[in-house]
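Enquirer: Make a model of this:
(2 chains)
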Amino acid sequence: AQSVTQPDIHITVSEGASLELRCNYSYGATPYLFWYVQSPGQGLQLLLKYFSGDTLVQGIKGFEAEFKRSQSSFNLRKPSVHWSDAAEYFCAVGAKDSSYKLIFGSGTRLLVRP
Amino acid sequence: SQTIHQWPATLVQPVGSPLSLECTVEGTSNPNLYWYRQAAGRGLQLLFYSVGIGQISSEVPQNLSASRPQDRQFILSSKKLLLSDSGFYLCAWSVDSNNEQFFGPGTRLTVL
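Expert: Numbering: from 1, shown residues only, chains lettered A, B, ... in the order given. Purely as a prediction, here's the structure:
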């Protein structure tokens, strides 16, 4: 069965520091992979997605993620974090059946120190 | 462009009362529709999804139900709310087979 693991529940970084949020998935074939961000009390916004091709994917707000098949990972990175990046981040894998569901990880809450 | 609406934005209901949350999508046809719930400090739990009018699939057995009376309308209901139904309810849609979903603003439900 498909699953997504985000091993870090909370991460705190200083403003201007680099960021990496971890995501590992379990899936038998090439997955569709997503990162979403959620600010408090808001819906989810898509940051970036991977379907195929170049394994380094660029997204909005200066984020990028790299698909590594050998490690079953899709980690999210940003070279310099801004205070406005404080939010909850969700990794998801797409179910390749007729439901077109997304399987979400449990999320990582990012705190940014001034 | 496509937009998704949810209402109400917030709702406070007593235990045992009924519930109706509505989600509508504009600017697209025959979307796949999804209801999720987030309990406080928890991740997203998929409750229901629908790939067409009148077609509802339930992911988790509970006292909630969903209906899709029109192509772009998705309703979440309950006859009698429980305290454990409190949470943040999110509606989402997709149209492609690549699973990309777009989320609504959510409804904050508090059951007292």
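
Enquirer: Counting neighbours, what do you get for the closest residue to B:Tyr49 other than its chain neighbours?
Expert: Spatially, and ignoring its direct neighbours in sequence, B:Tyr49 is nearest to B:Tyr34 (4.7 Å; C-beta to C-beta, 6 or more residues apart in numbering or on different chains). To be clear about C-beta, it is placed using only N, CA and C from the backbone, and glycine gets the same treatment. B:Tyr34 has 28 neighbouring residues, counting by other C-beta atoms under 10 Å in any protein chain shown.

Enquirer: And A:Arg113, by the same measure?
Expert: Neighbour count for A:Arg113, taken as other C-beta under 10 Å: 12.

Enquirer: just for the chain, where's the confidence low?
Expert: Here I'm looking at chain A. Scanning chain A for pLDDT under 70 picks out A:98.

Enquirer: that's the wrong chain, I meant chain B
Expert: Within chain B, the stretches with pLDDT under 70 are B:61.

Enquirer: ok, the spatially closest residue to B:Gly52 that is not a sequence neighbour - how many residues close by?
Expert: In this structure, B:Gly52 finds its nearest non-sequential neighbour in B:Asn30, 6.8 Å apart by C-beta to C-beta, 6+ apart. When counting by other C-beta under 10 Å, one arrives at 10 neighbours for B:Asn30.

Enquirer: repeat for B:Ala66
Expert: Around B:Ala66 there are 20 residues (other C-beta under 10 Å).

Enquirer: now it: how far from B:Ser57?
Expert: For B:Ala66, the distance to B:Ser57 equals 9 Å [C-beta to C-beta, to the nearest Å].

Enquirer: which residues do the two both contact?
Expert: Shared contacts of B:Ala66 and B:Ser57, defined by C-beta atoms under 8 Å, 6 or more residues apart in numbering or on different chains, comprise B:Phe48, B:Ser50.

Enquirer: check contacts around B:Gly43.
Expert: A:Phe90, A:Phe104, A:Gly105, A:Ser106, A:Gly107.
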